[in-house]
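# Structural data only, the sequence is not supplied:
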């Protein structure tokens with residue numbers, strides 16, 4: 001005896017779940033992006049005073065800035081350059097579940113921020129820590145999740161943003177390669193910590 005309505009119902013529920021996740025991802029990444037723009041507008045009006053919320057290396061009293069530095073930028077040019085990759089990679093990272101996305105973002109922020117705090121020599125701010133972290137998270141998810149879709153997304157991310165890998169190398173003294181490198185390490189670590197249990 002067959003029950004043709006059951007597979008149809010499962011498909012509908014699956015599509016609804018994926019649709020809800022995509023909408024949630026778009027909303028949360030959009031809100032964070034708008035928030036960064038609002039902060040930069042306030043920073044401009046206040047004459048750059050919010051730049052003090054960047055991370056000052058080796059200053060124990062400034063360790064709390066690990067959590068604020070990724071959302072501040074050194075001017076609109078800096079923010080404009082980061083906005084599109086933040087939105088694209090952030091959405092892809094969040095589309096499989098907002099809870100895991102938030103947990104991965106926290107890991108990225110902590111690992112990336114501590115890498116800057118220990119190894120950098122200049123005040124550091126900007127969402128590139130998160131951008132490189134999302135890049136590493138998506139690559140790691142393609143490896144650890146063992147799902148065709150995650151692997152396809154990882155390949156697509158490499159094709160679109162593979163050049164980011166060169167940002168982890170010391171080059172321009174005005175660019176925090178430490179934030180890039182440890183942000184990416186944090187992303188890969190997050191993908192491993194938050195991976196599905198594939199044991200049966």
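Everything's here; your move. Just so you know, these numbers come straight off a predicted model, no measurement behind them.
# So, low pLDDT: which residues of the chain?
1-14, 197-200 (pLDDT under 70).
# Quick check: phi and psi on residue 55?
With angles defined as degrees, to the nearest 10, residue 55 sits at phi -100, psi 120.
# I figured it was touching residue 67, is that so?
No: applying Cβ atoms under 8 Å, one finds residue 55 not in contact with residue 67, separated by 9.3 Å. Glycine gets a C-beta too; all of them are placed from N, C-alpha and C.
# Mind listing the shared neighbours of the two?
residue 113 (Cβ atoms under 8 Å, 6 or more residues apart in numbering).
# who has more neighbours, those two?
Set residue 55 next to residue 67 and count neighbours by other Cβ atoms under 10 Å: residue 55 wins out with 28 against 14.
# if I look at that one, how far off is residue 68?
8 Å (Cβ to Cβ, to the nearest Å).
# The longest helix that the chain contains packs against which elements?
Secondary structure of the chain per DSSP state H: the longest helix is helix 5-45. In this structure, helix 5-45 makes packing contacts with helix 76-94, helix 98-119, judged by 3 or more Cβ pairs under 8 Å, 6 or more residues apart in numbering; DSSP states H and E.
# From residue 69, how far out is the closest residue to residue 176 other than its chain neighbours?
Nearest residue to residue 176 in three dimensions, chain neighbours excluded: residue 124, at 4.6 Å (Cβ to Cβ, 6 or more residues apart in numbering). Note on residue 124: its distance to residue 69, by Cβ to Cβ, is 6 Å.
# Could you name every residue contacting both of the two?
Counting by Cβ under 8 Å, 6+ apart, the shared contacts of residue 124 and residue 69 are 54, 55, 116.
# want to throw the residues you listed into JSON lines with distance to residue 130?
JSON lines is the format used below for the shared contacts of residue 124 and residue 69 (distance: Cβ to Cβ, whole Å):
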{"residue": "54", "distance to residue 130": "14"}
{"residue": "55", "distance to residue 130": "13"}
{"residue": "116", "distance to residue 130": "13"}
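# mind checking the SS state of residue 170?
Secondary structure, DSSP: H, G, I helix; E, B strand; the rest coil: residue 170 is coil.
# What sits closest to it if chain neighbours are left out?
Using Cβ to Cβ, 6+ apart, the closest residue to residue 170 is residue 177 (5.0 Å).
# how about that neighbour, what does it touch?
Per Cβ under 8 Å, 6+ apart, neighbours of residue 177: 167, 168, 169, 170, 171.
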